[in-house]
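Engineer: Got a predicted structure plus its sequence, pasted below:
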Amino acid sequence: MIQLGLRLKSNQKIVDRKKSLIAYFTPDSVVSEQYRSVKANIYFTCRNQNIRTILITSPSGGEGKSTTAANLAVSMAQQSERVLLIDANLRNPSAHLTFKIQNTIGLTSILNGVASIADAIHKSEIGRLDVLPSGPVPIFPSELLASKGFIELQAKLLGTYDYVLIDSPSLLEVADTKILASHSEGVILVLNPAKSKLDRVREARRVLEIVNAHIVGVILNEK
């Protein structure tokens, strides 16, 4: 497990889009440059290992994983890559707020067979970045994510996109993320040094190893 970049210093978990999407609204900032450094490290690591679906998670809540996922997606899409960000945090989704899109149709709609992929995916204001919001909150999120339909969906999406980034719930809080990790080609852990207790980090790594997840690296996010 490697550290993918510099310590990201930002005020995340914020409603203000200019702060939660700093890589887009303030591309000349120090934080945006740090996201680009992380992106470069991800390219180097993932291209060598042919990893294209990447799960972004953290041991606990409030460590900045959703904001990190959104800004990494922006940084990657600002190059020549086609990127899709999936909001698979079906219990507490946020991508629709960050990107200011509707969430009436999304991932759950596709998996429940009530909407097509084309109907559920939104084009963002960042050229090559599309967003698949969570959709309506389901009664049993884990069952949907463990379905054959989700695996088939990922395979279809890789026919269109160079990279698929998946925002997820915190790893140690619900079973959903363990399922997502087992279906993803790579996993990035986002840690907040002020909040990430060592025993939780060790437990997160143990859980990922149990489900045979491939840990690409770690991002330290100082909020």
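Structural biologist: Looks like it arrived, so ask away. Everything quoted here is computed from the prediction, not taken from an experiment.
Engineer: the longest helix in this structure is where?
Structural biologist: As assigned by DSSP state H, the longest helix anywhere in the chain is helix 30-49.
Engineer: quick one: the residue nearest to the spatial centre of the chain from residue 56, how far?
Structural biologist: Centroid check for the chain by C-alpha atoms, centre = their mean gives residue 167 as the closest residue, at 2.8 Å. According to C-beta to C-beta, to the nearest Å, residue 167 stands 6 Å off from residue 56. C-beta here means a position set from N, CA and C on the backbone, and glycine is covered the same way.
Engineer: Identify the contacts common to those two.
Structural biologist: Taking C-beta atoms under 8 Å, 6 or more residues apart in numbering as the criterion, residue 167 and residue 56 both touch 65-66, 69.
Engineer: quick revisit: so the residue nearest to the centre of the chain bridges to which residues?
Structural biologist: residue 56, residue 87 (DSSP bridges).
Engineer: And the pLDDT for it?
Structural biologist: pLDDT for residue 167: 97.
Engineer: Wait, it touches residue 92, no?
Structural biologist: No. With contact defined as C-beta atoms under 8 Å, residue 167 does not count as touching residue 92 (10.4 Å).
Engineer: The spatially most distant residue from the centre of the chain: what's it in contact with?
Structural biologist: In the chain, counting by C-alpha atoms, centre = their mean, residue 114 sits farthest out from the average C-alpha position, at 24.0 Å. Contact analysis of residue 114 by C-beta under 8 Å, 6+ apart lists nothing.
Engineer: buried stuff in the longest helix of the chain?
Structural biologist: Neighbour-count burial for helix 30-49 flags 31-32, 34-36, 38-39, 41-42, 45-46 (criterion: 16 or more other C-beta atoms under 10 Å).
Engineer: helices and strands around it, which ones?
Structural biologist: Applying 3 or more C-beta pairs under 8 Å, 6 or more residues apart in numbering; DSSP states H and E, one finds that helix 30-49 contacts strand 8-9, helix 22-25, helix 65-77, strand 186-191, strand 215-222.
Engineer: Roughly how far does the residue nearest to the centre of the chain sit from residue 221?
Structural biologist: From residue 167 to residue 221 the distance is 14 Å (C-beta to C-beta).
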